[in-house]
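**Student:** Below are the sequence and a predicted model; questions follow.
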Amino acid sequence: MEKTFIMVKPDGVQRGLVGEVIKRFEAKGFKMRGLKLIQVSEELAGQHYAEHKERPFFPGLIAYITSAPVVAMCFEGKNVVAEARKMLGATNPADAAPGTIRGDFGQDIGRNIIHGSDSVESAETELAVYFDKAEILEYDYLPSKWLFE
Ligand code: UDP
Ligand code: MG
């Protein structure tokens, strides 16, 4: 089963949206495999967003991500990488549909509340950046038999 990396960014934590985000992923039936509140270092943020290093928004992005704690999560589920991206909505909340997290709670691309991996490969990389192997838990998730045929 696929895994993805989800992170409530500092604005999402400060605005009290952590529960709302977890609620949506739980209700969808995605299995929580990892969860922690962390202060992201410049080094960690640089690894996470290495693909954007040359972009004009990069310094602001690093300042934002390191400005206050974030909640890092791993969820597992059927096609969870793409499904989670749908739940997040477009990168710019102004373009994100109502019903998506960014569409419902954001206004500004520089304060878009939440991160989600954009491919299975980046999920693997990002999970390795933020989590030790032992922090991704294996356990029986009882709803599974009610979620999958
Ligand atoms: N970002 C920004 N300005 C931009 C583009 C991106 O501040 O013009 C930030 C925003 O926080 C975004 C992150 O950089 O979520 C990563 O950008 P990406 O294009 O990978 O969007 P995402 O994958 O997060 O939807
Ligand atoms: Mg991205």
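**Tutor:** Nice, thanks for sending it over. Ligands and ions are numbered 1, 2, ... in the order given.
**Student:** Could you list the contact residues of the protein toward ligand 1?
**Tutor:** Proximity of the chain to ligand 1 is confined to His52, Phe57, Leu61, Thr91, Ile109, Gly110, Asn112, His115, Asp118 under the rule CB under 6 Å from any ligand atom. All C-beta atoms are positioned from the backbone trio N, CA, C, and that covers glycine.
**Student:** Filter the residues you listed down to the buried ones, PyMOL style.
**Tutor:** Paste this into PyMOL to select the buried members of the residues of the chain next to ligand 1, with burial taken from 16 or more other CB atoms under 10 Å:
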select buried, resi 61+112+115+118
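**Student:** Out of the residues of the chain next to ligand 1, name the ones that lie in strands.
**Tutor:** Per DSSP state E, strands hold the following members of the residues of the chain next to ligand 1: His115.
**Student:** Can you tell me which of the residues of the chain next to ligand 1 is closest to Ile38?
**Tutor:** When the residues of the chain next to ligand 1 are ranked by distance to Ile38 (CB to CB), His115 comes first, at 13.0 Å.
**Student:** And the closest one, what's its pLDDT?
**Tutor:** The model reports His115 with a pLDDT of 99.
**Student:** can you check the one 4 residues further on too?
**Tutor:** At Ser119, the pLDDT value in this model is 98.
**Student:** Likewise for Pro143?
**Tutor:** Looking at Pro143, its pLDDT stands at 89.
**Student:** check contacts around it.
**Tutor:** Pro143 makes contact with Gly29, according to CB atoms under 8 Å, 6 or more residues apart in numbering.
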